[in-house]
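[1] Sequence first, predicted coordinates after that:
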Amino acid sequence: MNYAPHRKDQGHSLLETIVSLSVFLLVLFAVYIVLESNQTIYAKGEGKVDVQQNARVAMDQISTLLRNAGYFPENFDANPVNDLANPVAIQVATDNALAVYGDADGSGTSNVFLFCLNGTSLIRVRAAVGTPAAYTCDQGQVLGLNITNPRFAYFDANNNPIPNPPTPPYQLDGEGLGPVPPVPLFASTAQRGAVRRVVITLTATENVPGPQTQIFTLTSNVRLRNLN
């Protein structure tokens, strides 16, 4: 007996296979585009959080130490031998670096704390006053990575800028950083001695997937509470 072939027993034609495969690839491509877009958005968001946190941590540490500058415990203890004669709280003050003196970290001993940019790392140097290390932007604790363009602006008790006008680059009293202590370090303290407020600006960057680099700028207004 001869039986007519049933349609359901036949295989798929080449055209049907190509159409099915094309539809599958289109769906797969659409899913890939969605996943890639979500991954890029997530990476950008994560990078933005990282760069903001990086700048905030650095700013918090600088602000805390700066507020405590100018406190000299040696002059308040019972031992007159270790008293500091006319200590200068603002040692070096330029548009992109700042060195302050005092017991800023609560250690019980006065030191110089230098904040400066070494490459793309914002560092804090802690060293004894008058030593080369205290005024050299080299070895120190890293406060923040991928930091660009740190800026320090100085104001007196009447909120007048120092210098006036504050056009960078500048260094108060002509004192800057160097491999040896600036000379003469305390020949003139007219500008540094008048500083009562410092405005700090930090710009941090983070490379993330996509055409644009994440950039975050943070500003802090710090009043030197130990200076009258």
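    Structure's in. What do you need?

[2] Against residue 58, how distant is residue 151?
    Note on residue 151: its distance to residue 58, by CB to CB, to the nearest Å, is 13 Å. The C-beta positions use only the backbone N, C-alpha and C, and glycine is treated the same way.

[3] How about residue 160?
    For residue 160 relative to residue 58 (CB to CB), the value is 28 Å.

[4] So for these two, which sits in the more crowded spot?
    With neighbours defined as other CB atoms under 10 Å, residue 160 and residue 58 compare such that residue 58 has more, 25 against 12.

[5] Can you list phi and psi of that one for me?
    phi -60, psi -40 (degrees, to the nearest 10).

[6] The residue nearest to it when sequence neighbours are not counted: neighbour count?
    Spatially, and ignoring its direct neighbours in sequence, residue 58 is nearest to residue 144 (3.2 Å; CB to CB, 6 or more residues apart in numbering). Residue 144 has 25 neighbours, counted by other CB under 10 Å.

[7] Give me the pLDDT for residue 144.
    According to the prediction, residue 144 has pLDDT 89.

[8] let's have the chain start at 519 instead
    Let's use 519 as the start, then, which means that last one is residue 662.

[9] So it is in contact with residue 642, correct?
    No. With contacts defined as CB atoms under 8 Å, residue 662 does not count as touching residue 642, sitting 9.9 Å away.

[10] can you tell me which residues contact the residue nearest to residue 576?
    Counting by CB atoms under 8 Å, 6 or more residues apart in numbering, residue 662 touches 572-573, 575-576, 639-640, 720, 722.

[11] What separation do you get for it and residue 584?
    Distance from residue 662 to residue 584, by CB to CB: 15 Å.

[12] Same check on residue 616?
    8 Å.

[13] so what sits against both of those two?
    Joint contacts of residue 616 and residue 584 (CB under 8 Å, 6+ apart) are residue 716.

[14] Can you show me the strands along this structure?
    For the chain, applying DSSP state E gives strands covering 608-611, 616-620, 629-636, 639-645, 659-662, 665-673, 679-680, 715-724, 732-741.

[15] Residue 689: which of these is closest?
    Among the strands of the chain, the nearest to residue 689 by CB to CB is strand 608-611 (7.0 Å).
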